[in-house]
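> Got a predicted structure here, sequence first:
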Amino acid sequence: MMRISALLCFIVWLISGTAPAALAGSTLDKIKVAGSLPCGINTELPEYSTQDAHGNHAAFDQDICKAVAVAVLGTNAKFTIVPFNDEQDALKALKSGEIALLATGSPNFINTANTGLGFARPIFYDYQGFLVNKTMGIASPKDLTGKKVCFLGGTEIEIQLQGYMQRENIKWLPFLFQEEGEMEAAFVTGNCAAISADVSQLAYERLAFKNRARNYEILPDVIAKDPLAPTYRLDDPQWASIVNWTVEALIQAEESGVTQANLAEMKKSDDPVIRRLLGVQRGYGQFIGLDDAWAARVIEAVGNYGEMFERDLGSGSVMKLPCGPNNLWTQGGLMYALPMR
């Protein structure tokens, strides 16, 4: 009997001693006690990582951090930005409890398979594409036949580019680089007709070309999908719901035409979707452990999804990225809010 009791005590000690810090109380409670949301963002250095090729979208990520912080902490919410050069480092920090949220992570097979991590719906549909020199008469990937295409070697970019060109039966000339600066120099001097990377990275690279940037265009053709989504641990269902529905609220606000500017007026709407979204119809916040005004605060702080994209990544930003798949579903895009009912 004593041996059994000792064994049970050992098992209890082992479980309690090895449980991750994230399980010791709800994420929401911890954030409220700390008075700040610890939120990770990827600064994305392509030469540092062979896994990812996203451009630096720090402004967009910070708005996501702000949106979630305001939802749970109120109008004057504080959030602590923790930057990472590589997504894998950010995911490790999330698992360890150093951060409660990674603003944008990659919901790919490896990251979602038995990792203990959850992803909200994609909030930025990034994709691998081509940046081309318009002065060379390139309007589509087919026009790259017989021409050199620059890319960073030893990355997923190379693998996906090779596969795309083979599928499309384009006889191209691979021009591999190990250093981004050298690749950009080859492109600017006309030694290659295009660069292939994720379009967020292409837009970021285009900034370095300054007054020459008008000669370069990102083609709409998709080589490979590379979406990004807010990422959290799966040990706290309530926190997962808060992050998920913050994303849904941003998209729903755009669908319903609710903006930072017209928020007060929209609270007078008879539309049941808008009334639920803005907390006019009471009782919905309780389902995720928040008050009814949480989504209205988020919209007041960062605007709707379309406003956020336009300001941080779109034509109102230095990136000048077209919305493309990040348009609403009613405008040919992929953004579609789940029903708030």
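Yep, that arrived.

> remind me which residues of the chain are low pLDDT?
1-25, 44-56 (pLDDT under 70).

> which residues in it form helices?
Assigned by DSSP state H, the helices in the chain fall at 2-18, 27-34, 58-73, 87-96, 109-112, 156-167, 180-188, 199-207, 237-256, 263-266, 272-277, 294-302, 305-312.

> of those, which approaches G324 most closely?
Ranking those by their distance to G324 (criterion: Cβ to Cβ) puts helix 199-207 first, at 8.0 Å. Every C-beta, even on glycine, is put in place using the N, C-alpha and C of the backbone.

> Tell me the helices and strands packed up against that closest one.
strand 124-133, strand 194-198, strand 216-218 (3 or more Cβ pairs under 8 Å, 6 or more residues apart in numbering; DSSP states H and E).

> strands paired with the last one, and their directions?
When sheet partners are counted by DSSP bridges, strand 216-218 sits next to strand 124-133 (antiparallel).

> Next, the angle helix 58-73 makes with the partner strand.
Counting by axes from the mean of the first three to the mean of the last three Cα atoms, to 10 degrees, strand 124-133 lies at 170 degrees to helix 58-73.

> Strand 124-133 vs helix 180-188, what angle?
Put simply, strand 124-133 runs at 50 degrees to helix 180-188, going by the same axes, to 10 degrees.

> so how far is strand 124-133 off the chain centroid?
Relative to its parent chain, strand 124-133 has a centroid offset of 15 Å by Cα atoms, centre = their mean, to the nearest Å.

> what does stretch 271-285 give?
Counting by Cα atoms, centre = their mean, stretch 271-285 comes out at 27 Å from the chain centroid.

> Grab the CA positions of it and hand them over as PDB.
Extracted in PDB, the C-alpha atoms of stretch 271-285 (Å, rounded to 0.1, in the frame of the first residue of the first chain):
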ATOM      1  CA  ASP A 271     -29.300  45.600 -38.700                       C
ATOM      2  CA  PRO A 272     -29.100  42.700 -36.200                       C
ATOM      3  CA  VAL A 273     -25.600  41.700 -37.300                       C
ATOM      4  CA  ILE A 274     -24.300  45.200 -36.600                       C
ATOM      5  CA  ARG A 275     -26.200  45.400 -33.300                       C
ATOM      6  CA  ARG A 276     -24.600  42.200 -32.100                       C
ATOM      7  CA  LEU A 277     -21.200  43.200 -33.400                       C
ATOM      8  CA  LEU A 278     -21.200  46.600 -31.700                       C
ATOM      9  CA  GLY A 279     -22.700  45.300 -28.400                       C
ATOM     10  CA  VAL A 280     -26.000  47.200 -28.800                       C
ATOM     11  CA  GLN A 281     -27.800  43.800 -28.500                       C
ATOM     12  CA  ARG A 282     -26.600  42.600 -25.200                       C
ATOM     13  CA  GLY A 283     -25.400  39.200 -24.100                       C
ATOM     14  CA  TYR A 284     -22.900  38.100 -26.700                       C
ATOM     15  CA  GLY A 285     -19.600  39.100 -25.000                       C
END
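
> Report the contact partners of G116.
95, 233-235 (Cβ atoms under 8 Å, 6 or more residues apart in numbering).

> Next: M266.
M266 makes contact with 256-258, 274, 278, according to Cβ under 8 Å, 6+ apart.

> redo that, cut-off 7 Å
The contact partners of M266, taken as Cβ atoms under 7 Å, 6 or more residues apart in numbering, are 258, 274, 278.

> returning to what we had before: just the buried ones from the contacts of G116, in ChimeraX syntax?
Buried residues within the contacts of G116, by 16 or more other Cβ atoms under 10 Å, are selected in ChimeraX with:
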select :95,233,235
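
> from the contacts of G116, which ones fall inside strands?
Among these, DSSP state E puts R233 in strands.

> out of the contacts of G116, who's nearest D63?
Using Cβ to Cβ, R233 is the member of the contacts of G116 that lies nearest D63, at 21.8 Å.

> Next, give phi and psi for the closest residue to A253 other than its chain neighbours.
Nearest non-adjacent residue to A253, counting by Cβ to Cβ, 6 or more residues apart in numbering: N304, 3.6 Å away. For N304, the backbone dihedrals are phi -80, psi 180 (criterion: degrees, to the nearest 10).

> what's around N304, how many residues?
Using other Cβ atoms under 10 Å, N304 is surrounded by 23 other residues.

> Now for it: which residues touch it?
250, 253-254, 258-259.

> returning to what we had before: go through the contacts of M266 and say which is closest to F187.
Once Cβ to Cβ is applied, the member of the contacts of M266 that ends up nearest F187 is V258, at 41.7 Å.

> Give me the distance between the closest one and V243.
Per Cβ to Cβ, to the nearest Å, V258 is found 20 Å from V243.

> before we move on, what about K78?
For K78, the distance to V243 (Cβ to Cβ) stands at 17 Å.

> out of those two, which sits in the more crowded spot?
Taking K78 and V243 together and counting by other Cβ under 10 Å, V243 has the greater number of neighbours (26 against 13).
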